[in-house]
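Participant: Provide a 3D model corresponding to the input given below.
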Amino acid sequence: MKALVYTDKETLTYRDEIDTIAKEGETLIKVSAVGICGSDMHAYHGHDDRRLPPLILGHEISGINQNNDQAVVINPLVNCRSCQECKTGREHLCQSRGLLGMTKPINRPGGFADFVAVPNQNIFTISSKNNINSLSLTEPTAVAYHAIKIAEQASFTKIKKSKILIIGGGAIGLLLALILQAKDSQDITIIDTNKKRLDVCKKASNCNIAHPDDSNVLDNYYDIVFDAVGFATTRQKSIQTVKQGGVIIHIGLSQAAGEFDFRKTTLQEVTFIGTYCYTNEDFQLSLNMLIEKKIGDLSWLDYRSLKDGANAFREIHDGVTASPKIILLP
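Facilitator: Numbering: from 1, shown residues only. Here you go, the predicted structure:
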């Protein structure tokens with residue numbers, strides 16, 4: 001089979017690989033579409049010790065079940081189903097969780113290939129009437145959906161009355177805005193340093209957009225701040241802009257450490273919550289939301305051939321692509 005393989009730092013090679021074989025309890029999926037995630041870029045830059053070369057990356061997957069020819073969407077988060085977290089509906093916090101397209105804790109090849117082997121319980125069957133390629137967006141939609149659910153639980157202000165700042169105009173940032181709008185939120189601002197990407201976010205969501213340094217991005221103002229980037233500078237922006245008693249939801253994984261104003265966090269009772277992935281229920285509800293077109297027509301998605309995937313990664317790296325999400329087609 002053909003695959004796009006992460007072979008070294010900032011190096012991807014489209015080449016022949018040994019055909020994937022499904023083990024017991026798994027099913028072989030012919031990949032139809034697979035999105036490039038920010039965490040794939042993190043690995044590409046050599047900053048993820050859970051993704052080591054050589055590795056087939058990619059975990060935002062839709063495809064065809066080779067056992068019955070049915071269209072499917074894949075939940076790439078693999079868990080044990082027996083620990084306390086799995087048994088209490090918090091399986092995304094499983095003590096031994098893994099992900100397709102990772103080397104640790106278990107080496108599982110991802111979806112940047114013609115075929116991928118997937119645990120049976122991670123397969124969500126869909127109608128062939130749906131746009132199978134766009135539904136590869138289910139995984140990042142579930143990440144955004146879960147983050148908003150946590151914000152709703154933590155915020156003193158109801159979500160539709162909250163002043164909301166989203167840091168980062170990538171796929172997660174835009175999906176946050178679209179889901180929030182589906183929940184009747186009105187006051188949403190997206191900030192990013194990439195003007196091309198902001199223009200796409202504006203067209204897709206009609207939210208307020210701004211550069212992080214613009215004067216209309218106010219300090220001590222927002223009820224809820226979503227950091228969908230995760231640099232030290234964006235965390236500083238989060239605490240700078242959140243109001244007293246507000247909530248910061250930290251989603252991005254770009255930088256592990258850095259300076260942060262814990263004094264303001266303490267004195268003004270700011271709630272800071274990290275969030276990772278989603279539950280199975282979040283995944284299903286996000287898939288339903290996409291099928292029912294509750295977050296728009298997704299015309300902002302950018303489709304590329306898998307064989308041109310290395311160029312797509314390079315464009316994202318260089319900051320020249322306007323698209324919040326590039327989806328590769330084998």
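Participant: Count the residues that sit near the closest residue to Gln66 other than its chain neighbours.
Facilitator: With Cβ to Cβ, 6 or more residues apart in numbering as the criterion, Gln66 has its nearest non-adjacent residue at 4.4 Å, and that residue is Leu28. Just so you know, the C-beta spots here come from the backbone N, C-alpha and C atoms, and that holds for glycine as well. Neighbour count for Leu28, taken as other Cβ atoms under 10 Å: 17.
Participant: and what of the one 10 residues further on?
Facilitator: The burial metric for Gly38, expressed as a neighbour count using other Cβ under 10 Å, is 20.
Participant: try Lys2
Facilitator: By other Cβ under 10 Å, neighbour count at Lys2 equals 15.
Participant: Name all residues that make contact with the spatially closest residue to it that is not a sequence neighbour.
Facilitator: Of all residues not flanking Lys2 in the chain, Asp114 sits nearest, at 5.4 Å (Cβ to Cβ, 6+ apart). Neighbouring residues of Asp114 by Cβ atoms under 8 Å, 6 or more residues apart in numbering: 1-3, 30-31, 330.
Participant: Then Thr141?
Facilitator: Thr141 neighbours (Cβ under 8 Å, 6+ apart): 175, 179, 286-287, 289-290, 295.
Participant: Would you mind identifying the next helix or strand past the longest helix anywhere in the chain?
Facilitator: Of all segments of type helix in the chain, defined using DSSP state H, the longest is helix 138-154. Next helix or strand after helix 138-154 toward the C-terminus (DSSP states H and E): strand 163-167.
Participant: is it true that Gln181 touches Ile190?
Facilitator: No - between Gln181 and Ile190 there is no contact under Cβ atoms under 8 Å: 11.5 Å.
Participant: Need the overlap of contacts for the two.
Facilitator: Between them, Gln181 and Ile190 share the contacting residues 205, 207, judged by Cβ under 8 Å, 6+ apart.
Participant: Look at these two and report which has more neighbours.
Facilitator: Each of Gln181 and Ile190 has its neighbours counted (other Cβ under 10 Å); Ile190 has more, 26 against 18.
Participant: per-residue pLDDT, that one?
Facilitator: For Ile190, the model assigns a pLDDT of 98.
Participant: same thing with Lys30?
Facilitator: We have a pLDDT of 98 for Lys30.
Participant: helices or strands next to the helix or strand it falls within in the packing?
Facilitator: For Lys30, the host element (DSSP H and E) is strand 26-35. Under the contact definition 3 or more Cβ pairs under 8 Å, 6 or more residues apart in numbering; DSSP states H and E, strand 26-35 sits against strand 60-65, strand 71-74, strand 115-119, strand 326-329.
Participant: which residues make contact with whichever helix or strand comes after that strand from outside it?
Facilitator: Of the helices and strands lying after strand 26-35 in sequence (DSSP H and E), the nearest is helix 38-44. Helix 38-44 has contacts (Cβ under 8 Å, 6+ apart) with 6, 9-10, 12, 48, 51, 55, 57-59, 101, 170-172, 252-254, 313, 316-317.
Participant: all helices for the stretch 201-330 of the chain, in order.
Facilitator: Using DSSP state H, counting those that start in this stretch, the helices found in the stretch 201-330 of the chain span residues 232-241, 262-267, 280-291, 309-318.
Participant: Which among those is found nearest to Ile18?
Facilitator: helix 309-318 (19.1 Å; Cβ to Cβ).
Participant: isn't Ala228 right up against Gly252?
Facilitator: Yes - using Cβ under 8 Å as the test, Ala228 is close enough to Gly252 to be in contact (5.4 Å).
Participant: Overlap in contacts, the two.
Facilitator: 167-168, 172.
Participant: Buried ones among these?
Facilitator: Burial by neighbour count, judged by 16 or more other Cβ atoms under 10 Å, picks out 167-168, 172 from the shared contacts of Ala228 and Gly252.
Participant: per-residue pLDDT, the residue in the chain sticking out farthest from the centre?
Facilitator: The outermost residue of the chain, judged against the average C-alpha position, is Leu267 (32.1 Å), by Cα atoms, centre = their mean. Leu267 carries a pLDDT score of 97 in this model.
Participant: Please apply the same query to Ile106.
Facilitator: Listed pLDDT for Ile106 reads 88.
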